[in-house]
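Participant: next input, structure requested:
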Amino acid sequence: MTSTVHWNRGAVELIDQTRLPHHLETLRIETVESMVAAIKRLSVRGAPAIGVAGAFGVVLAMIEADPFTKPEEFDRLLQALRDARPTAVNLAHRVDQVAAVIGGGADAALAEAEAIRADEIRASRAMGDLGADLITELVASPRIRAMTICNTGGLATVERGTALAVIQTLHERGRLELAYPLETRPLLQGARLTTWELQQMEAPFRLVVDSAGPALISRGMVDVVLAGADRIAANGDSANKIGTYSLALASRADEVPFLIVAPESTVDRATVQGSDIEIEMRSEDEVTGFGSTRFAPSGAPALNPAFDVTPASLITAIVTDRRVVHTDRGERPA
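Facilitator: The predicted model follows:
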């Protein structure tokens, strides 16, 4: 599969995820304004992927406004990158990580951004292995039925992914019986993107509507639920795509392991608990219609929170690229 995001000859190239699954197109991003727009409209999405995009965005900012001769303009561009999506902690952290080395010039900034990208690739493989190993311990069945929400594959990182990387590793080990990707309203990242990636890896799956998730769990059709995270608080509370909380509640009610899979860069030690996480509110248009098709009455008001927060008390474990945090045993990520 084409790399989700990378640097090529003075610009950032990324897969336009708004065009999938029917069109595989690459955007060439040459300005910070274009990068911010791409992040906001979800052409690039997923906490790790937008972190990498933001890292390369700092290099673009240096090209547009020299940080030493035009410091105010440069700082404005960096703040625009940080603010493009507020819930995912990776974006601001990666921007600041590259900004810390600008004293070495554009080459040093680009090298740092490339190192961040390489680290995300390494992290995806590590999460896949740690998560698959943990599921082997938690689930007695030799064949695993795994449910997941939103898109947490290579499109959300750079390669392989977070929660979907675990499913891919199970598949490669011959342990995956079936994946249940939820459609993930309102933008259908599960239906459009996760199913596309599962097809690419030739894994068995059945797409289901969001509201069917808890019902399938209650009927004993799911062995494990896997979700990503856009921010993990110090106490283990985790923000993820809206609908994740209901899956955690259903998993707890029916004693099904519920795992959060995200890189260490998603753990925000400065955020004490889930209630401190800013929840992004997106356009009403995403709820009242899809694309150019309107299905709600004209003028119908809507509420569109993009994320919810699952308390640590409902999470069996948090899997990062470096460790497994057993939240059900009282362990916390910070």
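Participant: and the contacts of the helix or strand containing Trp7?
Facilitator: Element membership for Trp7, per DSSP states H and E: strand 5-8. Residues from elsewhere that reach strand 5-8, judged by Cβ atoms under 8 Å, 6 or more residues apart in numbering: 12-15, 28, 44, 49, 52-53, 56, 59, 110, 113-114, 117, 158. Using the backbone N, CA and C atoms, a C-beta is placed for each residue, glycine as well.
Participant: same thing with stretch 93-112?
Facilitator: 7, 51-52, 54-59, 62-63, 67, 78, 81-82, 113, 116, 265, 268.
Participant: apply 7 Å and report the result again.
Facilitator: Residues outside stretch 93-112 that contact it (Cβ atoms under 7 Å, 6 or more residues apart in numbering) are 7, 51-52, 54-55, 57-59, 62, 67, 78, 81-82, 113, 116, 265.
Participant: what's the answer for stretch 270-289, then?
Facilitator: With Cβ under 7 Å, 6+ apart, stretch 270-289 has contacts from 85-87, 186-187, 231, 233-235, 237, 239, 294-296, 300-302, 304-307, 309, 311.
Participant: what subset of the contacts of strand 5-8 is buried?
Facilitator: Among these, those buried by neighbour count (16 or more other Cβ atoms under 10 Å) are 12-15, 44, 49, 52-53, 56, 59, 110, 113-114, 117, 158.
Participant: which parts of this structure are helices?
Facilitator: For the chain, the helices defined by DSSP state H cover 32-40, 47-64, 71-82, 89-99, 106-138, 163-172, 189, 195-200, 213-218, 244-253, 285-288.
Participant: buried stuff in the fifth one?
Facilitator: Put plainly, it is helix 106-138. By neighbour count on 16+ other Cβ under 10 Å, the buried set for helix 106-138 is 109-110, 112-114, 116-117, 119-121, 123-124, 126-132, 134-135.
Participant: now do that helix, average pLDDT.
Facilitator: Averaging pLDDT along helix 106-138 gives 96.
Participant: angle of that helix against helix 89-99?
Facilitator: For helix 106-138 against helix 89-99, the angle by axes from the mean of the first three to the mean of the last three Cα atoms, to 10 degrees is 150 degrees.
Participant: orientation of helix 106-138 relative to helix 47-64 in degrees?
Facilitator: Using the same axes, to 10 degrees: helix 106-138 against helix 47-64 is 180 degrees.
Participant: now do helix 106-138: distance to the chain's middle.
Facilitator: Mean-position distance between helix 106-138 and its chain equals 13 Å (Cα atoms, centre = their mean, to the nearest Å).
Participant: can you give the strand pairings for the strand holding Trp7, parallel or anti for each?
Facilitator: The strands beside strand 5-8 in its sheet (DSSP bridges) come out as strand 11-15 (antiparallel).
Participant: could you export the strand it pairs with as PDB, CA atoms only?
Facilitator: The C-alpha coordinates for strand 11-15 follow below in PDB (Å, rounded to 0.1, in the frame of the first residue of the first chain):
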ATOM      1  CA  ALA A  11       6.700  18.800   0.100                       C
ATOM      2  CA  VAL A  12       4.500  16.400   2.100                       C
ATOM      3  CA  GLU A  13       2.700  13.700   0.100                       C
ATOM      4  CA  LEU A  14      -0.200  11.900   1.800                       C
ATOM      5  CA  ILE A  15      -3.100   9.700   0.800                       C
END
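Participant: give me the residues contacting that strand.
Facilitator: Applying Cβ under 7 Å, 6+ apart, the external contacts of strand 11-15 come out as 2, 4-6, 24, 26-30, 35, 38, 43-44, 53, 56, 60, 155.
Participant: pLDDT of it, averaged?
Facilitator: The pLDDT scores in strand 11-15 average 95.
Participant: do stretch 303-319 as well
Facilitator: On average, stretch 303-319 scores 97.
Participant: got the CA coordinates for it in CSV?
Facilitator: Taking Å, rounded to 0.1, in the frame of the first residue of the first chain, the C-alpha atoms of stretch 303-319 are listed here in CSV:
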residue,chain,number,x,y,z
LEU,A,303,-24.9,17.7,17.8
ASN,A,304,-21.7,16.1,16.5
PRO,A,305,-19.1,15.3,19.2
ALA,A,306,-16.2,13.5,17.3
PHE,A,307,-15.0,11.6,20.4
ASP,A,308,-16.0,10.1,23.7
VAL,A,309,-14.0,9.2,26.8
THR,A,310,-13.8,5.6,28.1
PRO,A,311,-12.9,5.6,31.8
ALA,A,312,-9.9,3.4,32.8
SER,A,313,-12.3,1.3,35.0
LEU,A,314,-13.9,-0.1,31.8
ILE,A,315,-10.5,-0.9,30.1
THR,A,316,-8.9,-4.3,30.5
ALA,A,317,-5.5,-3.1,29.3
ILE,A,318,-3.8,-0.4,27.4
VAL,A,319,-1.3,-1.7,24.8
